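Undergrad: Quick one: sequence plus predicted model below, questions after.
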2 protein chains.
Amino acid sequence: MSNTQLLQYVRSFVSLTDEEAEQFAAPFEEVHVKKRQFVVQPNFTNKHRAFVVKGAFRSYAIHDGQEHTLQFAIENWWVSDFNSYIYQHPATLFIVALEDSVLLQIEHAKEQELKKANHKFETFFRIMAEKGLAFEHRRIIFNLCHSAEARYENFILNFPNFIQRVPQYALASYLGMTTEFLSRIRNKKAHRRS
Amino acid sequence: MSNTQLLQYVRSFVSLTDEEAEQFAAPFEEVHVKKRQFVVQPNFTNKHRAFVVKGAFRSYAIHDGQEHTLQFAIENWWVSDFNSYIYQHPATLFIVALEDSVLLQIEHAKEQELKKANHKFETFFRIMAEKGLAFEHRRIIFNLCHSAEARYENFILNFPNFIQRVPQYALASYLGMTTEFLSRIRNKKAHRRS
DNA sequence: AACTACATCAACCTTTTTTCTTGATCTGCT
DNA sequence: AGCAGATCAAGAAAAAAGGTTGATGTAGTT
């Protein structure tokens, strides 16, 4: 059961009794999406917070016709347009499945109930937010300080399991460079090794 | 300007002074969508009525895993999940762009204001609804009375400019037959001609 | 002035996906 | 039995997605 996976994840942050675990998992529903399917689109409010049980996602914005990737998510990551979700405003991001995937999603209102119901649940969501914030801070600083090549190398180092699963144009736009330039970096690297 | 196109259309049904035209057009906003992008999805309320300035759309329902096409729309047609739009209830249809397209859309509330503001606007929307209703009546009767082949021939006759723009599987599901059967009809027809 | 780090544009190739076609077989009607 | 049409499976054809390369440009450095 896919709840097991979610609960295992949650329990790695807060300890839950079996009843608590059950209570936490209850409001989540399983959703299957096919590759290339959108789960969030601009102008539609992002009503759920979603946990990736299986598969891969990309969230991105389009500005002046250019796609800018904000995030990738694979198993045991969360995906949503956070600005849309927490304020329950229309989304500005696209979130699309990069593979056939399975999500566990909880409605915004249900999440509020959970947090009210049990202090541990509140703690869990706080930890998620803090981790997310810290991660983005590291990312921003790193991006500001390093060259395109260094950013790519860093990505490989930190997310080796993403590399085979995200398309290169998406990775390029995540790392803030053109797809052509990323292609050249990879090429150069391959030659160096041989 | 794409408003011109809308106003020309409106004026073909009701006469408007220039001020009226301006007032009518004001609440419409232009939206660009790419091929394969959804503008309406089940469970989200269809908040806008949309006029197709450029491009093509298809609205369809999924029942028992089968897609059933309700409508196609190209330039100068309107597209929405009408049941969702007029009652402002969650949609049951998908509406997807078949090509890169441009819409002019008006919010539900703004439309109500327009209709209150000027009798002519009320008249215009009444005409749209009546035309739509009459059209669907013709369609239903025709479908009940004719064979798959006759329905296809009729479509060609009445909507020659749709033929090249809608995929065949979509047309088949609009005409109430399988894509394979439509393929055979087309094939037979081609042979007859040569 | 040359060099580095990167962008843009266009062409092209490869792989994957989508769409369409065909044959074989089945069903329910008349 | 014969017709209108469905279903299933296999392929072919067409379109789209993804990736690479070369040429050329630019802004900031050395």
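TA: Perfect, thanks for sending it. The model shown is predicted, which means the values in this text are computed figures rather than measured ones.

Undergrad: neighbours around A:K116, how many?
TA: If you count neighbours by other Cβ atoms under 10 Å in any protein chain shown, A:K116 ends up with 10. (Glycine included, C-beta is placed from N, CA and C.)

Undergrad: do the same with A:N46
TA: A:N46: 27 neighbours (other Cβ under 10 Å).

Undergrad: pretty sure it contacts A:I86?
TA: No - using Cβ atoms under 8 Å, A:N46 makes no contact with A:I86, being 9.2 Å away.

Undergrad: who's in contact with the residue of chain A found nearest chain B?
TA: Of all residues in chain A, the one sitting closest to chain B is A:F44 (5.3 Å; Cβ to the nearest Cβ). The contact partners of A:F44, by Cβ atoms under 8 Å, 6 or more residues apart in numbering or on different chains, come to A:P90, A:A91, B:Q41, B:F44.

Undergrad: contacts for stretch A:104-115?
TA: By Cβ under 8 Å, 6+ apart, stretch A:104-115 touches A:2-3, A:6, A:23-24, A:27-31, A:47-51, A:53, A:85, A:88, A:121-122, A:125.

Undergrad: How about the contacts made by the spatially most central residue of chain A?
TA: Taking Cα atoms, centre = their mean, the centroid of chain A lies closest to A:A73, which sits 3.5 Å from it. With contact set as Cβ under 8 Å, 6+ apart, A:A73 has these partners: A:V52, A:A56, A:F57, A:R58, A:S59, A:V79.

Undergrad: Could you check how far the least confident helix or strand in chain A by mean pLDDT is from the centre of its chain?
TA: When the helices and strands of chain A are scored by mean pLDDT, DSSP states H and E, helix A:179-193 comes last with a mean of 86. A distance of 26 Å separates the centroid of the chain from that of helix A:179-193, by Cα atoms, centre = their mean, to the nearest Å.

Undergrad: If we look just around chain B, which residues of chain A are in range?
TA: Residues of chain A found near chain B (Cβ under 8 Å from any Cβ of the partner chain) are A:F38, A:Q41, A:F44, A:T45.

Undergrad: Taking the residues you listed together, which two end up most distant?
TA: A:F38 and A:T45 (13.8 Å; Cβ to Cβ).

Undergrad: buried sites along stretch A:8-26?
TA: With burial defined by 16 or more other Cβ atoms under 10 Å in any protein chain shown, the residues of stretch A:8-26 counted as buried are A:Y9, A:V10, A:V14, A:L16, A:E20, A:A21, A:F24, A:A25.

Undergrad: tell me which residues of stretch A:118-130 are tucked away?
TA: Buried residues in stretch A:118-130, counted by 16+ other Cβ under 10 Å: A:N118, A:K120, A:F121, A:F124, A:F125.

Undergrad: Near DNA strand D, which residues of chain A are found?
TA: A:P167, A:Q168, A:Y169, A:T179, A:E180, A:S183, A:R184, A:R186, A:N187 (Cβ under 7 Å from any atom of the strand).

Undergrad: show me where pLDDT drops low in chain A?
TA: The model of chain A has pLDDT under 70 over residues A:1, A:192-194.

Undergrad: ranges for the strands of it?
TA: A:29-33, A:38-40, A:48-54, A:57-63, A:66-73, A:78-79, A:94-97, A:101-107 (DSSP state E).
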